[in-house]
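Engineer: Model the structure of this input:
(chains A and B)
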Amino acid sequence: MLWDALTLQLGYNAALVAIGATLLGVSAGVTGTFLFLRKRALVSDAISHATLPGVCLAFMVMVALGGDGRNLPGLLAGSAVSAWLGLLCMNWLTRHTRLAEDAAIGAILSVFFGLGIVLLTVIQTMGVGRQAGLEGFLLGSTAGMLWADALIIAVGGAATLILVMIIRRPMTMVAFDPEYAAARGLPVNRIDLAMMGLVMAVTVVGLKIVGLILIVALLIIPPVTARFWTDRSDRVVLLAGLTGGMAGYLGAALSASAPNLPTGPIIVLVSFGFFALSLFLAPARGVLAAVLRHLRFQRRVHIRQGLLALAQGQKIYEPLTLRLLRRAGLVRADGVATDPGKARAAKALRDEKRWEIVRSDLAHEATAALYDGLRDIETVLTLDQIAEIDRRIGTPQEVPA
Amino acid sequence: MSGEEFVPLSLTPLLIGVFAAIACALPGNFLVLRKQALIGDAISHVVLPGIVVAFLLTGAISTWPMMLGAAGAAVVAVILIEAIRRLGQIEPGAAMGVVFTTMFAAGVLLLEQTDTSTVHLDVEHALYGNLESLIWLDATGWSSVLDIEALVGLPPELPRIALTLVGVILFTWLFWRPLKISTFDEGFARTIGIRTGVLGMALVITAAIAAVAAFDAVGSIIVIAMFICPPAAARMMTNRLETQIAWSVVFAIISAVSGYVLAGYGPLWLGGADAVSAAGMIATMSGLILALAALFGPCRVRVGVQNSA
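Structural biologist: The predicted structure is shown next:
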């Protein structure tokens, strides 16, 4: 069943939804990346909630003009207008009043959403009886998706992607260093607005599939996921598009494979799955990598301290140190150093003395800054320098009896 | 309007709306100043899975398990946000966005997967609440306010939200000094021995409790609006925290009362037949107040910024 869904064999509607969700995921992931890098991820929350009054007003206008209230292009146009209004209000609030951006986001999203709900109840009492589709915009409803709807999503998604590709360089610069961008003469405020405009376009396109409450997830989760894997912004954009698209496709397929699996939430949960995997498994920034790094560090500290203790003839009590030394073949089971162990211990003690000289000599100040108790001295000084230091340490003195 | 009509039909929803608005606006003042305003937004989203799980475990719509479930979900969300922020080194806004959307999606999925058609539990209800239906049928007029028998029939949401309000006021009053100091200068607060981490957590938990109690009665949209709009509007009126809190309470009351009245009677004045959503109207009114304050408030611009208006 799932295989059928993944290969688009599950009927016309399921195939349409899967293709639409994939395109939506790609464009949301790509657009959301810039928002995330600009540290304004939650602005999308305000934008998406601000679409609701527009949807309702568009419906009312279309009914008043005698048309079908559920005409998708009309509803999307209405939602775009009100989302844009919300965006301008939010921008105005943060620029011209003392409110911080988070308060402005919260104010816009709650007020616009509240107004939308008022309008929804007005529509319910208008008695036109065809308003059932409007609630679908809250959480998305893919059941009755038409070819024309899918076409709108495809065209909208593609247009957004092309626009992102055109203005990606200024957007990246503004995201990383707005002051520098302003100094270069870029219109930072206009670029920000363009970025928000793209987010708005994605939101409007996604209303039909995932609904206005969950579209935020598609704009935030894939970029955060992609950020784990790379430090280069162009690759983050590509990876975010990829994970977003995969989440859209897999989610749509999963939701088509069994009853009672609403498309929007499933897509969100799939992309959260990708996120959780990345959080734990990503090579450099993941939790697993950090744990391994920590364990490796711990092992080095224990071996180093153990060797120093061996060299000075002290007894080692720490069980972890003993175990590590034994496993490396440096001590015997009874805690006595083996020959390689003795050699390594002598070297460790000598290195410690060399470092001591280095750190007390102002000529080696830059090198001394690299001292962390673990670094091998050969990696920071040349053989000649080490030989010079060894001359200063001198040969073994008389051994006390 | 006569007492016979007003007391049973409008008095309790009005009181519940006002209490919920104040209970959210009080902690909202500190959240807005600490730039944590969106905590309210996150909490009101994650409450849904908590309620659904509580329903699945108990199999019935009963209040206490659901409130516990909602509060539990809020705590889980706060912990998850913090964990993701630290483990993944992600900025707080994005971490919040990841957590609350995922938990909300999980809640919707659980709701769709279980048969809740026989009970009144759906996403729309969670969003709008049902303020209008919290009527007091046992009342016959103003005299009922003193009548023990009639008071028993009060909707249980009223004493619950009143209790929450008292709790929130007590918290604000008892911890006034540490709250104020740590909000404006966290470093200084730490040097004089205030445990800012614990205090910040306590504030978030207080906000969560207020949100859950209000959510139960009036739906999540009012919760978000009341956490942010009245404190934000009050912020434009004054530079003193005491005055700001007083203004925010006034704004909260005005939006609750005017929103309720406009929702109930506005359509009738305009010739319509039915009322519109009171929750939505209250949120809209608070937005109007915020807009007026942002346009005309005496302290609306940042200190040191030229007034361009």
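
Engineer: that's a helix at residue A:292, yeah?
Structural biologist: Yes: the assignment for residue A:292 is a helix, going by DSSP: H, G, I helix; E, B strand; the rest coil.

Engineer: okay, residue B:272: pLDDT?
Structural biologist: On the pLDDT scale, residue B:272 is placed at 67.

Engineer: Could you do residue A:246 as well?
Structural biologist: Listed pLDDT for residue A:246 reads 94.

Engineer: tell me which element it is part of?
Structural biologist: Remark: residue A:246 resides in helix A:233-257, with elements defined by DSSP states H and E.

Engineer: Sort out which residues of that helix are buried, please.
Structural biologist: A:233, A:236-257 (16 or more other Cβ atoms under 10 Å in any protein chain shown). The C-beta positions use only the backbone N, C-alpha and C, and glycine is treated the same way.

Engineer: near chain B too, which of those residues?
Structural biologist: Filtering the buried residues of helix A:233-257 for proximity to chain B by Cβ under 8 Å from any Cβ of the partner chain leaves nothing.

Engineer: quick one: low-confidence parts of the chain?
Structural biologist: Just going to use chain A. By pLDDT under 70, the low-scoring segments of chain A are A:1-2, A:5, A:8, A:127-133, A:143-144, A:396-401.

Engineer: actually it's chain B I care about, not the one you picked
Structural biologist: B:1-4, B:61, B:115-128, B:271-273, B:304-309.

Engineer: how does it look with 50?
Structural biologist: For chain B, applying pLDDT under 50 flags the ranges B:307-309.

Engineer: just checking, what packs against the lengthiest helix in chain B?
Structural biologist: Longest helix of chain B, by residue count under DSSP state H: helix B:241-269. Here helix B:241-269 touches helix A:101-126, helix B:12-33, helix B:220-235, helix B:278-296, going by 3 or more Cβ pairs under 8 Å, 6 or more residues apart in numbering or on different chains; DSSP states H and E.

Engineer: Show me which residues of it are buried.
Structural biologist: B:241, B:244-245, B:247-260, B:262-264, B:266-267.

Engineer: Could you do stretch B:54-67 as well?
Structural biologist: Residues B:54, B:55, B:65, B:66, B:67 are the ones in stretch B:54-67 that count as buried (16+ other Cβ under 10 Å).

Engineer: What's the separation between the first one and residue B:212?
Structural biologist: Right, residue B:54. Separation of residue B:54 from residue B:212 (Cβ to Cβ, to the nearest Å): 11 Å.

Engineer: between these two, what contacts are shared?
Structural biologist: residue B:70 (Cβ atoms under 8 Å, 6 or more residues apart in numbering or on different chains).

Engineer: quick one: the helix or strand containing residue B:200 near chain A?
Structural biologist: Using DSSP H and E, residue B:200 maps to helix B:196-218. No: contact of helix B:196-218 with chain A (Cβ under 8 Å from any Cβ) is absent, the minimum separation being 11.3 Å.

Engineer: That helix vs helix B:12-33, what angle?
Structural biologist: Angular relation of helix B:196-218 and helix B:12-33 on a 0 to 180 degree scale: 150 degrees, by axes from the mean of the first three to the mean of the last three Cα atoms, to 10 degrees.

Engineer: re earlier: and among the helices and strands packed on helix B:241-269, the most buried is which?
Structural biologist: Neighbour counts (mean count of other Cβ atoms under 10 Å in any protein chain shown) averaged over each of these peak at helix B:220-235, with a mean of 31.

Engineer: check contacts around the residue most central in space within chain A.
Structural biologist: When Cα atoms, centre = their mean is applied to chain A, the residue found nearest the centroid is residue A:224 (0.9 Å). The contact partners of residue A:224, by Cβ under 8 Å, 6+ apart, come to A:36, A:275, B:88, B:90, B:94, B:95, B:98.

Engineer: Name the helix or strand for the nearest residue to it once chain neighbours are set aside, please.
Structural biologist: Of all residues not flanking residue A:224 in the chain, residue B:94 sits nearest, at 5.3 Å (Cβ to Cβ, 6 or more residues apart in numbering or on different chains). Under the criterion of DSSP H and E, residue B:94 resides in helix B:92-113.

Engineer: Now do the buried residues in that helix.
Structural biologist: For helix B:92-113, a neighbour-count test (16+ other Cβ under 10 Å) marks B:92-112 as buried.

Engineer: got it, and stretch B:139-147?
Structural biologist: By neighbour count on 16+ other Cβ under 10 Å, the buried set for stretch B:139-147 is B:139, B:144.

Engineer: what about it, how long is it end to end?
Structural biologist: 9 Å (Cα to Cα, to the nearest Å).

Engineer: mind checking the longest helix of chain A?
Structural biologist: Secondary structure of chain A per DSSP H: the longest helix is helix A:188-227.

Engineer: Any idea how far it is from the middle of the chain?
Structural biologist: Averaged C-alpha coordinates place helix A:188-227 at 14 Å from its chain's average position (Cα atoms, centre = their mean, to the nearest Å).

Engineer: How about stretch B:192-201?
Structural biologist: Centroid separation between stretch B:192-201 and its chain, computed with Cα atoms, centre = their mean, is 24 Å.

Engineer: dump the residue contacts of residue A:206.
Structural biologist: A:24, A:28, A:140, A:153, A:215, A:218.

Engineer: what do you get if the cut-off is 10 Å, keeping everything else the same?
Structural biologist: By Cβ atoms under 10 Å, 6 or more residues apart in numbering or on different chains, the contact set of residue A:206 is A:20-21, A:23-25, A:27-28, A:48, A:51, A:140, A:153, A:156-157, A:212, A:214-216, A:218-219, A:248, A:264, A:267.

Engineer: same thing with residue B:233?
Structural biologist: Counting by Cβ under 10 Å, 6+ apart, residue B:233 makes contact with A:99, A:107, B:25, B:244, B:247-248, B:250-252, B:254-255, B:286-294, B:297, B:300.
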